[in-house]
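# Make a model of this:
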Amino acid sequence: MAPHLLLVEDDEALHRGIEFTLRQEGYAVSGVRSVADARTAVLRQPFELIILDVQLPDGSGFDFCAWLRGRMDTPVIFLTASDTEIDVVRGLDLGGDDYITKPFRLREFLSRIQAVLRRRSAKTQFPGDAVLQSGDLTVYLDEMRVEKQGQPVPLSMTEFRLLALLMSHPRAVLSKEQIVQRLWQGESDFLDDNTVAVNIRRLREKIEDTPHDPQRIVTVRGAGYRWNG
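Presented below is the predicted three-dimensional model:
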């Protein structure tokens, strides 16, 4: 069955063009043009991916993403006319999986969609058992689920894979380049320089009791990261 995507874009011409292209590529597409309709759509049925414009007539795509992340972990790719660092970081901080600036190249657009879907559907390939344990933190690889002190920790797909990667290599120093190679293989040409650091920060905020003084993810000289667990 073709992946079902939700397109949230209010520009009529761009909406029609994107929807036509995605259907030509074999995707099933549902299209809406407002935050309100997007909320209704995701509560009505599941989607494999949401392509989300930032500026919508009844609100912000950022606000919608924050609302979404409190309910489900559906991957989100932001579409925006702004490529300023603060907007890129904000989108990633809110749980976005990728960020594409308008106007965009069609090849890059399709490549990013395929990459996010590939990461979503791929079996988690980490050495060792199906369950990783570190203190009060438990990672269930087969179920893509994380618990802290027995309570669920909501993580995006990228955050989960990053956590599993670090926990499966305890006390080993992984450079930014190694993390990119493992988690974003084939996408490095399109990857923003802030992506790894932002995802590390988001992960810290979700798993640490005091994120400003992390006990698990340690940054070492040379932009490397080590898991202390």
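# In contact with Q45, which residues?
H4 (CB atoms under 8 Å, 6 or more residues apart in numbering). In short, each C-beta sits where N, CA and C put it, glycine included.
# Next one: it from M157, what distance?
19 Å (CB to CB, to the nearest Å).
# Give me the average confidence score over the lengthiest helix in the chain.
Counting by DSSP state H, the longest helix found in the chain is helix 106-121. For helix 106-121, mean pLDDT rounds to 85.
# Output it in PDB, but only the C-alpha positions, please.
Output of helix 106-121 as PDB, limited to C-alpha atoms (Å, rounded to 0.1, in the frame of the first residue of the first chain):
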ATOM      1  CA  LEU A 106      12.000  18.900  -7.000                       C
ATOM      2  CA  ARG A 107      14.700  16.300  -6.700                       C
ATOM      3  CA  GLU A 108      15.700  17.400  -3.300                       C
ATOM      4  CA  PHE A 109      12.100  17.600  -2.100                       C
ATOM      5  CA  LEU A 110      11.300  14.000  -3.200                       C
ATOM      6  CA  SER A 111      14.600  12.800  -1.800                       C
ATOM      7  CA  ARG A 112      13.900  14.200   1.600                       C
ATOM      8  CA  ILE A 113      10.400  12.700   1.700                       C
ATOM      9  CA  GLN A 114      11.800   9.300   0.700                       C
ATOM     10  CA  ALA A 115      14.500   9.600   3.400                       C
ATOM     11  CA  VAL A 116      12.100  10.400   6.200                       C
ATOM     12  CA  LEU A 117       9.800   7.600   5.200                       C
ATOM     13  CA  ARG A 118      12.700   5.200   4.900                       C
ATOM     14  CA  ARG A 119      13.900   6.000   8.400                       C
ATOM     15  CA  ARG A 120      10.300   5.600   9.600                       C
ATOM     16  CA  SER A 121       9.800   2.200   8.200                       C
END
